[in-house]
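Asker: return atomic coordinates for the entry below.
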Amino acid sequence: MTRTFEWQGHKLDMRIFFTPRLLMLATDTTLSVDGRLVARKCGWGITETAAGSFSHGGRDVQSELQVRGNRSVFTKIPYELRLDGVPVSAGRLKLERIGPAVMVWFSIIGVLVLLALAA
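Answerer: Prediction:
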């Protein structure tokens with residue numbers, strides 16, 4: 001689920017979701033400002049930092065969205081958003097696309113097992 005809030009006239013959207021990559025599931029962490037993607041990090045784990053910048057009042061604002069998860073908090077991942085090094089939001093992001101990602105992963109494993117049995 002996207003976490004959305006307003007910051008000094010800008011609409012910020014944060015997301016974390018599963019995406020299939022090779023033989024594993026990866027997570028994508030994204031930050032959009034006013035509908036424009038400004039930071040994205042694809043990772044093999046659930047602990048990652050998406051960094052970028054956007055324009056505000058004629059200057060660049062440095063953004064850093066950090067998520068820190070582990071298997072015990074698998075569906076709601078703690079996050080912290082910093083703008084110019086100052087924390088502006090913290091909480092938990094709901095991990096999206098769990099069902100489809102797991103189905104893709106099991107399909108890949110199933111194909112590999114069938115190929116191994118056929119060989």
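Asker: residues contacting the residue nearest the centre of the chain?
Answerer: For the chain, residue 29 is the residue whose C-alpha lies nearest the centre (C-alpha atoms, centre = their mean; 1.8 Å). Listed by C-beta atoms under 8 Å, 6 or more residues apart in numbering, the contact set of residue 29 reads 14-16, 39-43, 48-50, 65, 67. All C-beta atoms are positioned from the backbone trio N, CA, C, and that covers glycine.
Asker: rerun that using 10 Å as the cut-off
Answerer: 14-17, 39-43, 46-50, 65-67, 77, 79, 93 (C-beta atoms under 10 Å, 6 or more residues apart in numbering).
Asker: ok, now residue 80?
Answerer: 49, 64-68, 87-91.
Asker: how about the nearest residue to residue 35, chain neighbours excluded?
Answerer: Counting by C-beta to C-beta, 6 or more residues apart in numbering, residue 11 is the residue found nearest to residue 35 once chain neighbours are left out, at 7.3 Å.
Asker: with that, I have no additional questions.
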